[in-house]
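Enquirer: I would like the atomic coordinates for the input below:
(chains A and B)
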2 protein chains.
Amino acid sequence: MGSLKTPEVVPSPEEDAQKLKKAFIGFGTDEDMIIEILGHRDANQRKKIRETYHQLHNETLIDGLNKEVSGDFGKAVILWTYDPCERDARLANEELKSRIRAIKDLEIIVEMSCASSPQHLVGVRKAYCDLFNTSLEEHILVSVPMPLRKILVGLVTSYRYDKEMVDKDMAKLEANRLHECIKSKDLAHDDVVYILSTRNFYQLRATFEHYKEKHGHPIDEDIMNSGKGDLESLVKMVVLCIDSPAKHFAQIVKTAIMGLGTDEDSVTRAIISRAEIDMMKVKSEYLNMYKFNLDDEVIDDTSGDYRKFLVTLLGGKI
Amino acid sequence: MGSLKTPEVVPSPEEDAQKLKKAFIGFGTDEDMIIEILGHRDANQRKKIRETYHQLHNETLIDGLNKEVSGDFGKAVILWTYDPCERDARLANEELKSRIRAIKDLEIIVEMSCASSPQHLVGVRKAYCDLFNTSLEEHILVSVPMPLRKILVGLVTSYRYDKEMVDKDMAKLEANRLHECIKSKDLAHDDVVYILSTRNFYQLRATFEHYKEKHGHPIDEDIMNSGKGDLESLVKMVVLCIDSPAKHFAQIVKTAIMGLGTDEDSVTRAIISRAEIDMMKVKSEYLNMYKFNLDDEVIDDTSGDYRKFLVTLLGGKI
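Expert: Next comes the predicted model:
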């Protein structure tokens, strides 16, 4: 369940587009109005607003926003306003066009392929081709070193069966195969890539469960005990993302706000990605894992319009 | 350019659906009427007829046809009536669920990934999940032996950039890489798979052209000279299909009607797949390659309603 709250009676896209224009012009920008409108519209409603705004005002809503908003608030509002597939394509492109320095830079790619629907992933790939004149997988091939690239290309090219269907015998077989590959430190073996990138999520969860039962440890622990390199970190992230997207995103938020300074980009990405999907579950996992309220922690760590916008997406009152 | 001819004024889907029902009932089946209607409607028009027929007659058009038509004619009409993505998913499934005996059995999979748009391929993958409760790539993994499966999984998971964009330097680089892999008989090398399954078709054609210029022979010749196994045959088919889908399909038709007996399934598949895409080009390649008219050869080798239907799709008069 998402945290986004849309009004019972949704204003027409014309009305929203006009109000947004009004918020942009005149003395300063009316950020509250922007938050009030865009922070309470789902993807489909935002799409209609984008289309209507463009027709009425002869500029795209994104261009309009770009002139008026800035900083973390601006980034967040703009990401939220994009079509979700275009948003993820842009986020992935940002990472791929700069040097990949850490596994963290690949999070968005893992999330779109391991914590999203096959339709969403295909939509991102289409948007990537349309926006950047290259396919996502081609860009991964030139930007990410082996063996990480092998895992990522497998993941982003997946189109998983998306109904609940589990073959228990296969789960046992593949849990054992994964165990062998982890033991022999061969995490980029074809079999690992095929298992993680073609099986449906329910099947993989059964495989991970069987792994733990049979081999005594959670698979992610065994992966991390097999080595401390980037490959291990990446495969662990993949496994966690598949096993529980909500836990993964709770972890992303926690890591981003922990310690000195905040990694706003990660907080933004997590909240924007999941506000319409499973943010209520992310919050409950967060509470469970860290004994703190996600909303409270986000409020403590942010300020101004940025805070207001995130709180709105989290379903809270400003 | 396709060969399919649709009427200037297309009857309403209701009218078509009623006429088809009439063709099914009473004394015998009115095959001519079936051909007259379905053989002159494009994919979108057939979709509307399917929907309308279902609404009006409380059975699917496919079920209606299944009761009335049979033999090669029946198979062809039914394949033509399916949504093209569903059709290819069913054809691929037919091959994958029986034992793969020859590279020929993998033709449909190569065609859908090397001679179709990325949208079509994704549509087939979606249809495959919907129809068979497994993803296409999972089915390939259990049905096709290594190393063929590695090539096929790469191909079916592709989502190629689909505008004309060629990087000449990359074409040179990758032609050389392909040459090295062919020379070292390493056709299932990751690099070969990545090149053939992520690059756009224009780029790959430039790569093949450069290969011939630089290394003296067409790449398909070098592949076949490097070995006589299934892997070489498969990769050669992939290269030809990418290089010129029209030549590939001309070859399919020729092989199917050559010698004693006809391979009707292949003739049907080739004509049905390309009637709306590039059948005019297939015909001209056929004439060019074999000095015979494709239409004449199909007429010589077929008979009855089956012949009438194919001739109709080829744009000829019955």
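
Enquirer: residue A:291: neighbour count?
Expert: 7 (other Cβ atoms under 10 Å in any protein chain shown). C-beta here means a position set from N, CA and C on the backbone, and glycine is covered the same way.

Enquirer: please name the nearest non-neighbouring residue to the residue in chain A that chain B sits nearest to.
Expert: Nearest to chain B, among the residues of chain A, is residue A:157, at 3.5 Å (Cβ to the nearest Cβ). Nearest residue to residue A:157 in three dimensions, chain neighbours excluded: residue B:157, at 3.5 Å (Cβ to Cβ, 6 or more residues apart in numbering or on different chains).

Enquirer: now for that neighbour, how many residues are close by?
Expert: 26.

Enquirer: you'd agree it is up against residue A:136?
Expert: No: look at residue B:157 against residue A:136 with Cβ atoms under 8 Å: they stay out of range, at 11.8 Å.

Enquirer: and residue A:129, what does it touch?
Expert: Going by Cβ atoms under 8 Å, 6 or more residues apart in numbering or on different chains, residue A:129 touches A:135, A:136, B:118, B:159, B:160, B:161, B:162.

Enquirer: oh, I was asking about residue A:250
Expert: Taking Cβ under 8 Å, 6+ apart as the test, what residue A:250 contacts is A:282, A:283, A:285, A:286, A:289, A:290, A:294.

Enquirer: cutoff 6 Å now
Expert: Residues near residue A:250 by Cβ atoms under 6 Å, 6 or more residues apart in numbering or on different chains: A:282, A:285, A:286, A:289.

Enquirer: what's the neighbour count on the first one?
Expert: By other Cβ under 10 Å, 29 other residues sit near residue A:282.

Enquirer: which helix or which strand is home to it?
Expert: Applying DSSP states H and E as the criterion places residue A:282 in helix A:279-290.

Enquirer: report the rounded mean pLDDT for that helix.
Expert: The predicted model gives helix A:279-290 an average pLDDT of 98.

Enquirer: list the buried residues for it?
Expert: Within helix A:279-290, the residues that count as buried by 16 or more other Cβ atoms under 10 Å in any protein chain shown are A:279, A:280, A:281, A:282, A:283, A:285, A:286.

Enquirer: filter those residues by proximity to chain B?
Expert: Checked against chain B using Cβ under 6 Å from any Cβ of the partner chain, the buried residues of helix A:279-290 give no members in range.

Enquirer: show me the residues around residue A:301 that make contact.
Expert: A:257, A:262.

Enquirer: and it, how close does it get to residue A:253?
Expert: 9 Å (Cβ to Cβ, to the nearest Å).

Enquirer: now residue A:165, what's its secondary structure?
Expert: coil (DSSP: H, G, I helix; E, B strand; the rest coil).

Enquirer: now for it: which residues touch it?
Expert: Going by Cβ under 6 Å, 6+ apart, residue A:165 touches residue B:133.

Enquirer: can you give me phi and psi for it?
Expert: Note on residue A:165: backbone dihedrals following degrees, to the nearest 10 are phi -150, psi 120.

Enquirer: pLDDT score for it?
Expert: For residue A:165, pLDDT reads 92.

Enquirer: enumerate the residues of chain A near chain B.
Expert: Going by Cβ under 6 Å from any Cβ, the residues of chain A near chain B are A:122, A:125, A:129, A:133-135, A:137-138, A:141, A:157, A:159, A:161, A:165, A:194, A:198.

Enquirer: just the closest of the contacts of residue A:250 to residue A:227, please.
Expert: Proximity of the contacts of residue A:250 to residue A:227 (Cβ to Cβ) peaks at residue A:289, which lies at 24.9 Å.

Enquirer: excluding covalently adjacent residues, which one is nearest to that closest one?
Expert: In space, and not counting its chain neighbours, residue A:289 is closest to residue A:250: 5.8 Å by Cβ to Cβ, 6+ apart.

Enquirer: distance of the one you found from residue A:284?
Expert: 9 Å.

Enquirer: quick one: the helices in the stretch 51-200 of chain A, in order.
Expert: A:61-68, A:71-81, A:84-97, A:107-114, A:118-132, A:136-143, A:148-156, A:168-183, A:190-198 (DSSP state H, counting those that start in this stretch).

Enquirer: check which element follows the helix holding residue A:282 along the chain.
Expert: Sequence order places helix A:294-301 as the next helix or strand after helix A:279-290, per DSSP H and E.

Enquirer: which positions within the helix or strand following that following helix qualify as buried?
Expert: Per DSSP H and E, the first helix or strand lying C-terminal to helix A:294-301 is helix A:304-313. Under the neighbour-count criterion of 16+ other Cβ under 10 Å, helix A:304-313 has A:305, A:306, A:307, A:308, A:309, A:310, A:311, A:312, A:313 buried.

Enquirer: for stretch A:62-81, buried residues please.
Expert: Per 16+ other Cβ under 10 Å, stretch A:62-81 contains these buried residues: A:64-65, A:68-69, A:72-81.

Enquirer: chain neighbours aside, what residue packs nearest to residue A:241?
Expert: Sequence neighbours aside, residue A:114 is the residue nearest to residue A:241 in space, at 3.9 Å (criterion: Cβ to Cβ, 6+ apart).

Enquirer: wait, doesn't the one you found sit right on residue A:242?
Expert: Yes: if you go by Cβ atoms under 6 Å, residue A:114 and residue A:242 touch, sitting 4.8 Å apart.

Enquirer: which strands or helices does the helix holding residue A:282 pack on?
Expert: For helix A:279-290, the elements it packs on are helix A:245-257, judged by 3 or more Cβ pairs under 6 Å, 6 or more residues apart in numbering or on different chains; DSSP states H and E.

Enquirer: can you list the domains in chain A?
Expert: Following the assignment in automatic domain parsing, chain A carries domains at A:13-69, A:84-156, A:168-243, A:245-300.

Enquirer: just the terminal-to-terminal distance for the first one.
Expert: Between the start and the finish of domain A:13-69 there is a gap of 21 Å, counting by Cα to Cα, to the nearest Å.

Enquirer: mean confidence for it?
Expert: Across domain A:13-69, the average pLDDT comes to 95.
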